[in-house]
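K.L.:
kindly return the folded structure for what I paste below:
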Amino acid sequence: MVNTTEVLVVGGGATGTGIARDLALRGVDVTLAERRGLAGGTSGRSHSLLHSGARYAEADPVGAEECIEENRILRRIAGECIGESGGLFVQLEADDPAYFEEKYEACEERGIPAEVIDGDEARRRVPDLSEDAVRAMVVPDGVVYPSRLAAANAADARDNGATILTHAPAEGMTVEGGCIVRVELGGAADVEPDFVVNAAGTWAGQVAAMAGVELEMRPTKGVMISVYYDGLDPVLNRCRPPADGDIIVPHDTEVVLGTTSVEVDDPDDFEEEEWEVEAMFEECSKMLPPVADAEVSRRWWGVRPLYAPDEASRGGRGISRGFFVVDHAADPDDEAATGRSASPGENVENFASIVGGKLTTYRVMAEQMSDFVADRLGVDEPCLTDERPLPGADDPERLDTFVEAFDARSPSDEDVLSPSVHGAD
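P.N.:
As a prediction, this is how the structure comes out:
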């Protein structure tokens with residue numbers, strides 16, 4: 001049996017489900033295929049920080065402005081898919097005060113609300129904050145619960161006519177006459193699409209290769225450790241150039257320590273190294289000393305979906321996490337004329353990839369890809385996702401039923417989900 005669809009989205013993380021929702025709301029017939037449960041890749045294995053843009057303010061103005069805009073949109077539409085924590089960028093005695101000043105001025109320029117408080121006020125807000133904290137900058141960071149976010153996007157897509165297939169990995173593509181005419185799915189019927197969107201994240205290069213297209217990714221792994229610590233309100237960010245162990249993200253009775261950045265060859269086969277775990281305790285405890293001896297709830301590694309040409313041009317970690325719509329119908333020599341990225345290899349007319357980015361910007365990534373696809377299909381309907389609330393946004397129990405329905409539970413937010421979802425008694 002073979003099914004037909006206007007658009008096949010390969011990849012069921014936040015961006016893939018966001019694309020499926022966006023296109024379905026425009027009246028497009030969409031099928032989404034994910035090789036595991038939803039949010040089974042990078043989305044559900046992140047430190048789940050809702051960026052204010054402050055982390056990127058001085059280095060990437062465009063990325064910072066995207067973050068604060070999407071931060072505001074998600075607070076409006078996502079409800080219980082996010083946590084309203086706020087955030088602090090903490091300058092310790094060992095940190096360069098000039099870097100703090102540069103970041104603060106950049107936040108003001110980018111429209112990111114920021115307030116400087118002294119060390120005593122910072123410790124009043126976070127009683128266990130290090131005595132070495134000289135001052136802090138208050139910013140509107142938050143927490144994302146990616147299991148709920150991906151599941152709610154998929155639920156709205158489904159309710160508007162999309163087909164959501166979990167445990168259905170893309171295993172092969174047939175290209176004829178410069179177009180993908182069939183995609184083989186494990187665990188489900190094959191699909192004959194009019195257009196294929198590659199939203200496979202870290203695995204996007206492998207999916208592109210099925211169509212004879214070269215898409216160079218540069219995956220990097222990072223460890224996250226959730227420890228029992230009750231009472232932290234804001235996200236804590238070390239105010240220094242991005243490095244290992246510079247973020248602590250609060251949940252209800254736990255905090256997530258993160259993260260490292262180590263390049264890997266294979267996102268499915270890499271070593272989970274103990275030095276990374278030790279570094280998290282050593283570095284994060286410099287901001288919040290009690291976490292050094294906190295009991296571990298769980299730990300996990302995620303792999304970032306970094307686009308190699310962007311990483312090479314920017315110089316690697318700490319600069320930004322920009323995103324790109326890569327048009328596989330375009331000739332790389334025509335990139336300047338088209339305004340879009342292109343990839344070497346066989347040109348495929350009905351195929352595009354979205355790569356890079358951050359969990360915070362998933363919605364605008366989905367919007368830009370959906371705009372691109374809608375233009376290709378001749379669809380004139382506008383994007384609605386910046387105003388339309390996600391289903392169940394005000395009802396955590398309903399959100400968690402979506403998580404269960406789409407097998408979307410993930411280590412990033414396992415402690416936040418209702419017991420029936422993560423298997424507790």
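
K.L.:
any idea how far residue 401 is from residue 74?
P.N.:
21 Å (C-beta to C-beta, to the nearest Å). Where you see a C-beta, it was placed from the backbone N, CA and C, and this is true even at glycine.

K.L.:
looking at those two, which is more packed in?
P.N.:
residue 74 (23 against 17; other C-beta atoms under 10 Å).

K.L.:
residue contacts, the residue nearest the centre of the chain?
P.N.:
With distances taken as C-alpha atoms, centre = their mean, residue 359 lies nearest the centre of the chain, 2.2 Å away. Applying C-beta atoms under 8 Å, 6 or more residues apart in numbering, we find residue 359 in contact with 14, 43, 46, 48-50, 144, 146, 149.

K.L.:
give me that answer again for 7 Å
P.N.:
14, 43, 46, 48, 144, 146 (C-beta atoms under 7 Å, 6 or more residues apart in numbering).

K.L.:
restricted to helices, list those residues.
P.N.:
14, 146 (DSSP state H).

K.L.:
out of the contacts of residue 359, which is most surrounded?
P.N.:
The most crowded member of those is residue 14, carrying 32 neighbours; neighbours defined as other C-beta under 10 Å.

K.L.:
right, and that one touches residue 144 too?
P.N.:
No. Here residue 14 lies out of contact with residue 144, judged by C-beta atoms under 7 Å, at a distance of 8.2 Å.

K.L.:
what's the neighbour count on residue 279?
P.N.:
Using other C-beta under 10 Å: residue 279 sits among 18 other residues.

K.L.:
so it, which state does it fall into?
P.N.:
Under DSSP: H, G, I helix; E, B strand; the rest coil, residue 279 falls in the helix class.

K.L.:
how near is it to residue 243?
P.N.:
10 Å.

K.L.:
ok but residue 393 is inside a strand, no?
P.N.:
No. Under three-state DSSP, residue 393 sits outside any strand and is assigned coil.

K.L.:
how many neighbouring residues does it have?
P.N.:
Based on other C-beta under 10 Å, the number of other residues close to residue 393 is 19.

K.L.:
what's the answer for residue 13, then?
P.N.:
Neighbour count of residue 13, defined by other C-beta under 10 Å: 30.

K.L.:
quick one, what contacts it?
P.N.:
Counting by C-beta under 7 Å, 6+ apart, residue 13 makes contact with 39, 41-43, 150, 201.

K.L.:
dump those to a markdown table, plus pLDDT and distance to residue 134.
P.N.:
Below are the contacts of residue 13 laid out as a markdown table (pLDDT from 0 to 100; distance: C-beta to C-beta, whole Å):
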| residue | pLDDT | distance to residue 134 |
| --- | --- | --- |
| 39 | 97 | 38 |
| 41 | 94 | 39 |
| 42 | 93 | 34 |
| 43 | 96 | 35 |
| 150 | 98 | 39 |
| 201 | 95 | 38 |
